[in-house]
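Trainee: The sequence and its predicted three-dimensional model are supplied below.
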Amino acid sequence: MKKMICLAAAAALSMGYLANVQAAGVSLDIGQTGDSSSNTVYRLGTQFDFSSKWFQSDVGHVGGYWDAAYTYWEGGESAGSHSISFTPMFVYEFAGETIRPYVEAGIGVALFSSTELDDHDIGTSFQFEDRIGAGLRFNNQELGLRAMHYSNAGIKQPNDGIETYSLHYRLSF
């Protein structure tokens, strides 16, 4: 009986913690690098919304989410390269009943499986990920465009950096 009470208490505490999370989501991005080699980039991510909203008005509010993602780089000499990233994103979501436009920006970190991406020598496996995006939210879904820049911020030379541009889809639950 004591074990059942402990399990019930642990489950209740877990449910209380999960209730504090505004929403969770899964996203898919498909895009290309911004250079002449035009590698295809596939990105699968998971997001957890911040539990706070700031500067709420009739026009909209500022919120955000934590994003953890896996990216596969395909094409050219980069074929088979991988990266994982973790980025806090800040979002301005405009007010709307069924469709809500948004803009987003964030700076996070990424780890690459290779420091050579075609003709780019990114110098280190550790990179910073700078992101901006815009799109529309509707019915627990989101569709948008994103631009991402990866750079080691001069930690080690060379530091060629690389950009990607992608179509983004997210499903929140």
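Mentor: In hand now; what should we look at?
Trainee: Low-confidence regions, the chain specifically.
Mentor: Along the chain, segments meeting pLDDT under 70 span 1-23, 36-38, 76-79.
Trainee: Centre-most residue in it?
Mentor: Asp67 (4.0 Å; CA atoms, centre = their mean).
Trainee: ok, that residue - contacts?
Mentor: By CB atoms under 8 Å, 6 or more residues apart in numbering, the residues touching Asp67 are 27, 45-47, 85-89, 106, 108. (C-beta placed from N, C-alpha, C; glycine too.)
Trainee: What is the three-state secondary structure of it?
Mentor: strand (DSSP: H, G, I helix; E, B strand; the rest coil).
Trainee: Setting the sequence-adjacent residues aside, check what's closest to Tyr169.
Mentor: Leaving aside its sequence neighbours, Tyr169 sits nearest to Leu28 (CB to CB, 6 or more residues apart in numbering; 5.2 Å).
Trainee: my bad, should have said Leu167
Mentor: Per CB to CB, 6+ apart, closest to Leu167 is Ile30, 5.6 Å.
Trainee: hang on, isn't that neighbour packed against Leu44?
Mentor: No: Ile30 lies out of contact with Leu44 (CB atoms under 8 Å); the separation is 10.3 Å.
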